[in-house]
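Undergrad: here is the input, now give the coordinates:
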Amino acid sequence: MRYGDDFIILADNAVELGKIRINVIEFLKHDLRLDINCRHDIIIKANRGLKFLGVVIYPWNRWLSRRNNKRLRLRINLGNLSSYSGLIKQYEPDKLTEINYLAKELLNDI
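TA: This next block holds a predicted model:
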C-alpha cells in the first residue's frame, strides 16, 4: 500500500519480508537516490496494528488513531464537518451518532 512517499509492505513471514525490505532499500537508494527514514522502517505483526496515515489498521478492522480522534473533536466546525463526517463513516461508523450530536450543537450555536 502506498500514499505519496509512505508505504506498507505485507508478507506471509518475516524471512520473506526481510528479503523484500533489502530489495526495496537497494532500489530506492540506487535507482531513485532516496533513503529510508530508519525511525519509520519497522517490521511488526499485523495483529499489533499498523499505524498508517492517521489510521490504525488491523487484519479485522481499522480505526482512526487516538491522535486523529482527539484532533477531530478539537477542530470540528461547520466548515470541515463534512470532511470529518466522511472520516468517521469510513473508519468508525459506530461513532456517527456522536458526530451528528456535535453537528447539531454547532448548528445551534449559529
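Undergrad: can you get me a residue count around the spatially closest residue to Val55 that is not a sequence neighbour?
TA: When the adjacent residues along the chain are set aside, Val55 lies closest to Arg62, with 5.4 Å between them (CB to CB, 6 or more residues apart in numbering). Quick note: C-beta positions are derived from backbone N, CA and C, even for glycine. Neighbours of Arg62 under the rule other CB atoms under 10 Å: 15.
Undergrad: dump the residue contacts of Arg62.
TA: 55-56, 91 (CB atoms under 8 Å, 6 or more residues apart in numbering).
Undergrad: just send these back as TSV, with pLDDT too.
TA: Listed next are these as TSV, based on pLDDT from 0 to 100:
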residue	pLDDT
Val55	84
Val56	86
Tyr91	78
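Undergrad: mind checking which of the residues you listed are in helices?
TA: Using DSSP state H, the members of these that fall in helices are Tyr91.
Undergrad: about what we covered before: may I have the beta-bridge partners of the residue nearest to Val55?
TA: Beta-bridge pairing for Arg62 (DSSP bridges): Ile57.
Undergrad: measure it to Gly49 for me?
TA: Arg62 is 9 Å from Gly49, where distance means CB to CB, to the nearest Å.
Undergrad: then Leu17?
TA: Separation of Leu17 from Gly49 (CB to CB) stands at 17 Å.
Undergrad: Ile20 too?
TA: 21 Å.
Undergrad: repeat for Glu26
TA: Glu26 sits 29 Å away from Gly49, going by CB to CB.
Undergrad: ditto for Asn69
TA: To Gly49, Asn69 is 14 Å away according to CB to CB.
Undergrad: count of neighbours near Val55?
TA: When neighbours are defined as other CB under 10 Å, Val55 has 17 of them.
Undergrad: tell me who's in contact with it.
TA: Shown in contact with Val55 (CB under 8 Å, 6+ apart): 62-65, 68, 91.
Undergrad: returning to what we had before: which one of Ile20 and Gly49 has more residues nearby?
TA: Taking neighbours as other CB under 10 Å, Ile20 and Gly49 compare with Gly49 leading, 17 against 13.
Undergrad: quick check on the more buried one: phi, psi?
TA: When read as degrees, to the nearest 10, the backbone of Gly49 gives phi 90, psi 130.
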